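S.K.: Here is a sequence together with a model predicted from it:
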Amino acid sequence: MDRDNDRYRLLTRRSLVLGGIKLGLVSTLVGRMYYLQVLESDRYTMLAEENRINMRLVAPSRGQILDRFGVPVAINRQNFRVVVVSERARKADRNLEQTLMHLSELIELTESDMKRVMREIRRKRAFVPVTVKENLTWEQVALIEINAPDLPGVSIDVGEIRSYPFQGTTAHLLGYVGAVAESELNGDPVLSLPGFRIGKNGVEKYHEKDLRGVAGNSQLEVNAVGRVIRELDRKEPEPGRDVTLTIDIGLQQFVQDRLTAEDSAACVVMDAHTGGIYAMCSHPSFDPNQFTQGIPADLWEELTTQPTHPLTNKAIAGQYAPGSTFKMVVGLAALEAGIVNTRHSVFCSGHMDLGDHRFHCWKKHGHGSLGFVEALAQSCDVFFYDLSRRIGIDRIHDVAKRFGLGQRLELDIPGERSGLIPSREWKRAYLGKPWTGGEDLNASIGQGYVLATPLQLAVMTARLVNGGFAVKPHLTKQVERSYAEQTEWPSIGVQKAHLDLMRQGMWAVTNGPTGTAHKARIPEPGYELGGKTGTSQVRRITMAERSTGVLKNEQLPWRERDHALFVGYAPAHNPRYVCSVIVEHGGGGSSVAAPIARDVLYEAQKRDVARGVALTAQAPAEPGRVMAPPIATVGGQRNGG
Amino acid sequence: MTIAIDSREPSLGLGAKLQMLNWGLVLVVCALAAAGTGLLYSAGGGWEPWASRHLVRFATLLPITIAIALVDVRIWMRLAYWIYLIVLFLLILVEIMGHIGMGAQRWINLGPIVIQPSELMKPALVLVLARYFHTQTLDRIGRPLVLLPPLALVFMPVGLVLLQPNLGTALLLIMTSGAVFWCGGVRLWKFLLAISAGLGAIPIGWQFLHDYQRQRVYTFLDPERDPLGTGYNIIQSKIAFGSGGLFGKGFMEGSQSQLMFLPEKHTDFIFVVLAEEFGLVGCLAVMALFMVVVVYGYAIALSSRSQFGRLTGIGLTTSFLLYILVNVAMITGLIPVVGIPLPLVSYGGTAMMTVLIGFGLLLSVSIHRHTRISRSGLHEG
């Protein structure tokens, strides 16, 4: 027992030491608690606040696009969606499938809809809403709301969806919006918002920055897994800026409707003095509204395989041999070079021989002797063959460039193509062969290598009739409230007398008794149009065919028929509207393209009258005394009502 | 060997034993379990999923605790080696099961109960060491050879637990054993020698640490190093702790706990919920309850008439206190993250079972505090 007493005393002593150490450790912990909870409390309180607060971006609503008179052509429509939150649907006594079945009795849900919803629900957290169906009608919304008690976890959510009320009429012009691609992410955080759409083409793409706006943000209290508990603060997003176009949507619609009669066509209507585009159509078109929520595969397949290329904006991306519409440029090149004067005349026997090649005029037995005005009016080929032999391709090239051909015109939508004006240097560089004399002749009637877009032809026409000013085409009139339109243009340096001569010839094309487009004239005084027809071959006519008689267009398959072209302006005495029309494989310029241009230019002028805009009071010009367009009044004339 | 039952200490009747039971300690233990239930209620946002089960579990285990307490302490002493061997066997079993392709496991699944042998080893080791030192005189304890068997008793399970690998529990086992060795009378210089040997082994031991264990040490040294990875737990824990302030944010009002920033809030980090919602005042109150338990433990140990009872009491009390020290030091960022729950408060079956078995044995020592047991040990029959 004594021994045990020793052990006991030792144990007591040592357990007290042990207890002392433990007390020290416990004191350390209490000290630590005091440090964290009293001394450092403020800092940690702040950190806790930051922890639970999450900044979330709020998408700005996209700016509208308006026509020149303020008619909205691209708007944001309210998009009612029905969404389901799976955890709430499950909490109730019924399960998710039953709820969805019940929902499908109210609104139509396909098998694949159901599958997609179930798949998304499995993938996402239980509190994340999953979209069941979009674009609900008011009736469907009401039906769901009424049945809300039977649909646990189902709710209606309102979003915005881009909508194009004029559908196909504006498709090529405005483009459309679509989901952001990986390559388009550029650091703007709003782009990574789910469901955010950006401009993919046309005005939507070109003005993306203005239209997009600035994201707002919302301070949300969230938990560690991101569930939103409540909103604490909110900074409203800054909506995108509205973009006003130079387009007159009424005219645009008229033109699009007018083109519908043809298989494939394009038309540009532009202001001769400002370069503002009133209408720009490409037919056939597509409905951009089908694109905003992702393009259905079968529709895409259909659009991309059609020979008429509905997705292409042929007005800026279609490149065609301009045919006879190019003749004014050739004429001016000769006049400007000083090689011929305004009274130059040529005898047309129906063909011209060069080496062992015979170049035909479109009129088999020839036009006889004619000057510039008649040569344009009757579109004599030999006259221009003769000019081109005197001046060569490089002079034509130089003048054509000054008229805006063979280059991109910096139009404010993407997709413009440059066309082609050949030169000796070009041929050597790209084809590695020297230029031949026969190619001069082909180029002089807008064939051969020469290619132009309808937009370039409209610009060419504008520069011909506006007194020789280098207008450039544009679609943007103003962004929000600031005007963005350039109306003053430098001269292209072509003598006025020479331009006047060309205009005389173009006047005669429609108004002269021998004009190729005499049938397409506007007989109403004050509304006359001038212009130039063009028919461009897309195939080679062989000697054999010529000997048995050239086949008529109707006898050829569609793809081999001629393109029909027309460039025109109106009113003839004081040109304001210029217009270019191309009908792919449409046949003759005078019979197919000219009537379209006539209808379009007449409509354009009539619309002014309907708005009460007084046309500049001036007598119709006589063919012999074409007067210069009154540039000084351009500013006042521009906007109309 | 014979069991020397003192003639002055007759076996007690059931009623007498119940009267002798330290009801004060039972009450404090109940209070702690109640505090745990309240915090789990807050952490889980209601009775489900944790609070009700915690309470049911406690209510089921408490009678077992009392039953253990009513068993004569001499029987526990007699069974000490058997218990130890069984638990050691279980430890080897989980190790083997881990090796034959079931992945690293620390527990054995017995239907409704999941047993973690490394947890059960804590009271078992205390019992076996107490019994060993009970039979040794101070003189004999002075001899190094006599210390070899108890060292083997300690390092066999410690080695197995390290293999699992479970560094936290291994260290806890070593420290608990250290307390028994110390109070059993092992010389101070031997401790100093062991400690310096241990420190010297750290660089070697570092080589054997698993990557995740090294990561924990790195994270401890600089939690901001990887704020969303391994440092996340400790940063969020400190934020919750500190933002509680003096009086806390109120019951179920802790943004860190309620918004689920806090990891493992129902198990190892339950004390953080308390700290955030009840502040320093709440922490001190619960700490005070723990200290009351420790003081009871010491009083029971020191009032026992047998060396076995005293050493068991001190060992179990130390083991209990170590849980608290390590857990609170961990969640306040003082030591690396080791998976040690807060006894009676954290949700989790095995830990609660271990702790309540410990209290059962402690109460048994308390009830039988007047029982003398001769040094020479026990005798069958």
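M.R.: Thanks, I have the structure now. Numbering: from 1, shown residues only, chains lettered A, B, ... in the order given.
S.K.: Tell me if the helix ranked longest in chain B is near chain A.
M.R.: Counting by DSSP state H, the longest helix found in chain B is helix B:270-303. Yes: contact of helix B:270-303 with chain A (Cβ under 8 Å from any Cβ of the partner chain) involves B:275, B:279-280, B:283-284, B:287, B:291, B:294, B:298, B:301-302. All C-beta spots, glycine's among them, are computed from the backbone N, C-alpha and C.
S.K.: elements contacting that helix?
M.R.: helix A:2-34, helix B:23-44, helix B:232-243, helix B:255-258, helix B:307-331, helix B:349-367 (3 or more Cβ pairs under 8 Å, 6 or more residues apart in numbering or on different chains; DSSP states H and E).
S.K.: Mind listing what's buried along that helix?
M.R.: Using 16 or more other Cβ atoms under 10 Å in any protein chain shown as the test for burial, helix B:270-303 gives B:270-280, B:282-284, B:286-287, B:289-294, B:296-302.
S.K.: show me what contacts residue A:533?
M.R.: Neighbouring residues of residue A:533 by Cβ atoms under 8 Å, 6 or more residues apart in numbering or on different chains: A:324-325, A:379, A:509, A:516-517, A:565-566, A:588-590, A:593-594.
S.K.: Which of the residues you listed sits closest to residue A:152?
M.R.: Distance to residue A:152 across those (Cβ to Cβ) is lowest for residue A:593, with 63.6 Å.
S.K.: what's the spacing between the host helix or strand of residue A:464 and its chain's center?
M.R.: In the assignment (DSSP states H and E), residue A:464 maps to helix A:454-465. Offset of helix A:454-465 from its chain centre (Cα atoms, centre = their mean, to the nearest Å): 19 Å.
S.K.: the inter-axis angle of the helix or strand hosting residue A:505 versus helix A:454-465?
M.R.: Using DSSP H and E, residue A:505 sits in helix A:496-511. Helix A:496-511 runs at 120 degrees relative to helix A:454-465, counting by axes from the mean of the first three to the mean of the last three Cα atoms, to 10 degrees.
S.K.: What's the first helix or strand after helix A:496-511?
M.R.: Next along from helix A:496-511, by DSSP H and E: strand A:530-536.
S.K.: how close does the residue in chain B that chain A sits nearest to sit to residue B:150?
M.R.: The nearest approach of chain B to chain A comes at residue B:242, 2.6 Å away (Cβ to the nearest Cβ). Per Cβ to Cβ, to the nearest Å, residue B:242 is found 43 Å from residue B:150.
S.K.: wait, doesn't residue B:213 sit right on residue B:167?
M.R.: Yes: when contacts are counted by Cβ atoms under 8 Å, residue B:213 is listed as touching residue B:167 (5.8 Å).
S.K.: Give me the helices and strands touching the helix holding residue A:505, please.
M.R.: Using 3+ Cβ pairs under 8 Å, 6+ apart: helix A:496-511 touches helix A:327-337, helix A:372-377, helix A:454-465, strand A:530-536, strand A:563-570.
S.K.: what is the mean pLDDT for that helix?
M.R.: The pLDDT scores in helix A:496-511 average 90.
S.K.: Repeat that for stretch A:235-254.
M.R.: Computed over stretch A:235-254, the average pLDDT equals 90.
S.K.: give me the low-pLDDT residue ranges for the chain?
M.R.: You didn't say which chain, so I picked chain A. Applying pLDDT under 70 to chain A flags residues A:1-3, A:51-55, A:91-94, A:187, A:194, A:222-227, A:294, A:540-544, A:546, A:612-641.
S.K.: could you do chain B instead?
M.R.: B:1-11, B:98-106, B:109-113, B:216, B:219-231, B:259-261, B:263, B:376-381.
S.K.: same for the helix or strand hosting residue B:205, what does it pack against?
M.R.: Element membership for residue B:205, per DSSP H and E: helix B:188-208. Secondary structure elements in contact with helix B:188-208, counted by 3+ Cβ pairs under 8 Å, 6+ apart, are helix B:167-184.
S.K.: what's the angle between the helix it packs on and helix B:307-331?
M.R.: Using the same axes, to 10 degrees: helix B:167-184 against helix B:307-331 is 140 degrees.
S.K.: do helix B:167-184 and chain A meet?
M.R.: Yes: applying Cβ under 8 Å from any Cβ, one finds helix B:167-184 in contact with chain A at B:179, B:182-184.
S.K.: domains of chain A?
M.R.: Segmentation of chain A into domains, based on automatic domain parsing, reads A:56-244, A:249-286+A:311-617.
S.K.: quick one on the thing from earlier: how about a markdown table for the residues of helix B:167-184 next to chain A, with neighbour count added?
M.R.: Output for these, formatted as a markdown table (neighbours: other Cβ atoms under 10 Å in any protein chain shown):
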| residue | neighbour count |
| --- | --- |
| B:179 | 25 |
| B:182 | 22 |
| B:183 | 27 |
| B:184 | 27 |
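S.K.: What is the nearest of the residues you listed to residue A:89?
M.R.: residue B:179 (56.7 Å).
S.K.: Does the closest one touch residue B:315 like I think?
M.R.: Yes: using Cβ under 8 Å, residue B:179 is in contact with residue B:315, at 6.1 Å.
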